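Chemist: sequence plus the predicted model coming up.
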Amino acid sequence: MQSPSTGVENTFSRAWTLLTSNWIIVVPGLIIGVIVGIVDYLVTPHTDAGGVVGGMASAGAGLLVVIVNIIGEIVALCYVTGMAGAAWMKGKTELADGTVAFQRDAGNTLIAMIALFIVFVIAAILLIPTLTISIWLAIYFTIYTFASAIVGERPGFTALAESFRIATKRVGPTLIIVVIIGVIAIVGGILGGILSIVPFLGPIVAAVITEVVLAYITLVIVGEYLALREVSGIPPSP
């Protein structure tokens, strides 16, 4: 596992090494994305029935789509983050590590999602008065939440609190992580957007690139979480 003294720059290089030797981390996100996309398509009405019945059907379909997407997000987060944690701790990972994380931490992840939703709603309300600073602060202080909930096995709101404590104690490393990850996400999003307009293969390649970027970002966050948690004096979960 990464030593806390190796620095942020080594977290990024080590995360890339772990990703290139554990490409299977990308697989869960791709599979879940395809499944959720198929389910969304099947339950979404493709004709306008009109009237009260049609409106109720559309509302019901919309609710089902939201539920399916939340479930898919929980499964993907547990698998990818759990596998990232195993990669940092063992050097290798497999789908079984993601299965264990999902069985163990799905509840923690759901509550953490609720906690983050509350935080970002508040940040959105304060968006204009703070000149968008509230959103950046929310990202900064919550960046380790899912790593804490899944790798650290913390209950949802406790995971959010732990992320806040680490970010408060380790301002420099966390700020660097947030800035660099933001740049990576923007570049990856632009590249994926360009490729998505290419017929047939474009959307497939764009989806793969998106999952590779997400897997790499997850590895970086988990690696830094493990390192900063140690130097911040926060004990691991029992």
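Modeler: Cool, got the structure. Numbering: from 1, shown residues only.
Chemist: run through the residues that contact the most centrally placed residue in the chain.
Modeler: Taking Cα atoms, centre = their mean, the centroid of the chain lies closest to Leu77, which sits 5.6 Å from it. Counting by Cβ atoms under 8 Å, 6 or more residues apart in numbering, Leu77 makes contact with 109, 146, 150. Yep, even glycine has a C-beta here, placed from its N, CA and C like the rest.
Chemist: gap between the first one and Cys78?
Modeler: In this view, Thr109 and Cys78 are 6 Å apart by Cβ to Cβ, to the nearest Å.
Chemist: shared neighbours of those two, anything?
Modeler: Counting by Cβ under 8 Å, 6+ apart, the common neighbours of Thr109 and Cys78 are Ile150.
Chemist: which pLDDT value does the model give Ala87?
Modeler: Here the pLDDT value assigned to Ala87 is 96.
Chemist: buried ones among the contacts of Leu77?
Modeler: 109, 146, 150 (16 or more other Cβ atoms under 10 Å).
Chemist: now for the helix or strand that contains the second one, which elements pack on it?
Modeler: Okay, so that is Phe146. Using DSSP states H and E, the element containing Phe146 is helix 145-150. Using 3 or more Cβ pairs under 8 Å, 6 or more residues apart in numbering; DSSP states H and E, the elements in contact with helix 145-150 are helix 51-90, helix 95-125, helix 156-169, helix 201-231.
Chemist: check which element follows the second one along the chain.
Modeler: This means helix 95-125. Counting by DSSP H and E, what follows helix 95-125 is helix 133-142.
Chemist: residues of that following helix that come out buried?
Modeler: 134, 138-142.
Chemist: just put the residues you listed in CSV and tack on pLDDT and distance to Ile25.
Modeler: Compiled in CSV, those are given as follows (pLDDT from 0 to 100; distance: Cβ to Cβ, whole Å):
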residue, pLDDT, distance to Ile25
Ser134, 95, 32
Ala138, 96, 26
Ile139, 95, 22
Tyr140, 96, 25
Phe141, 96, 26
Thr142, 96, 22
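Chemist: pick the one among these closest to Tyr216.
Modeler: Distance to Tyr216, by Cβ to Cβ, is smallest for Ile139 among these, at 17.4 Å.
Chemist: that'll do, ta.
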